[in-house]
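> Can you look at this prediction? I've put the sequence above it.
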Amino acid sequence: MGVSKSSKTTTGLSSFSLVYGTEAISPVELLVPTPRVVHGQEIDIDAATCAEIRTTDLETLEETRNLVYNCTQRYQQQMANAYNKAMKARIFAKGQMVLKAVDHVRRNLSAPSKFAPSWEGPYLIREANDSGYYRLATAEGESLAEPINGKWLKLYYA
């Protein structure tokens, strides 16, 4: 398995550089030298200088990781904001009639047939929780055992 040199969109750095503090050199770059490889081969330095340079690289690595962590946090916050902006809150009150998504839709499974319904009901909201979960009952008054998240419900219009 080869080393991935692709940089991540969020951070602009590759995973390899975050772990080792330097970019990976692929075997192809050794066969067909790139300017980076040629420059490294031309420099004639002793082991002490090389160790000093590597130590400096490793000391700056922690700072780079902290910057990447902050970039990642900002990116995740932007993604959460975009999701929350696009998400429509579905808030229902006790006593409203709703339709419930069928099991294969909630589990993201393929439908038994292409004519299978996506919604079932109507159901009556028996209990509404602030956390977005609801307890339902059939039109005859029989309670369903499991609570359901509001994202799987939609208002029923008679």
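Thanks, I have it.

> Longest strand in this structure, please.
Counting by DSSP state E, the longest strand found in the chain is strand 119-128.

> And T60, how close does it get to N66?
Distance from T60 to N66, counting by Cβ to Cβ, to the nearest Å: 11 Å. Bear in mind the C-beta positions are built from the backbone N, C-alpha and C, glycine included.

> N84: what secondary structure?
Following DSSP: H, G, I helix; E, B strand; the rest coil, N84 is assigned to helix.

> Got the confidence number for it?
For N84, the pLDDT comes out at 82.

> so Y156 touches M97, yeah?
Yes: counting by Cβ atoms under 8 Å, Y156 does reach M97; the two are 4.1 Å apart.

> List the residues that are in contact with both of the two.
G121, P122, Y123 (Cβ atoms under 8 Å, 6 or more residues apart in numbering).

> Switch those residues over to CSV, and while doing so, append neighbour count, distance to R90 and pLDDT to every line.
As requested, the shared contacts of Y156 and M97 are arranged in CSV below (neighbours: other Cβ atoms under 10 Å; distance: Cβ to Cβ, whole Å; pLDDT from 0 to 100):
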residue, neighbour count, distance to R90, pLDDT
G121, 18, 14, 86
P122, 17, 15, 93
Y123, 23, 14, 94
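
> need the residues you listed in JSON lines with distance to C71, can you?
Shown next, in JSON lines, are the shared contacts of Y156 and M97 (distance: Cβ to Cβ, whole Å):
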{"residue": "G121", "distance to C71": "45"}
{"residue": "P122", "distance to C71": "48"}
{"residue": "Y123", "distance to C71": "45"}
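
> Are we agreed that L58 is in a strand?
No: going by three-state DSSP, the assignment for L58 is helix, not a strand.

> and it, how far is that from T72?
From L58 to T72 the distance is 21 Å (Cβ to Cβ).

> Let me see the confidence value for the closest residue to Y133 other than its chain neighbours.
Counting by Cβ to Cβ, 6 or more residues apart in numbering, Y133 lies nearest to P147, which is 4.4 Å off, once chain neighbours are set aside. On pLDDT, P147 comes in at 91.
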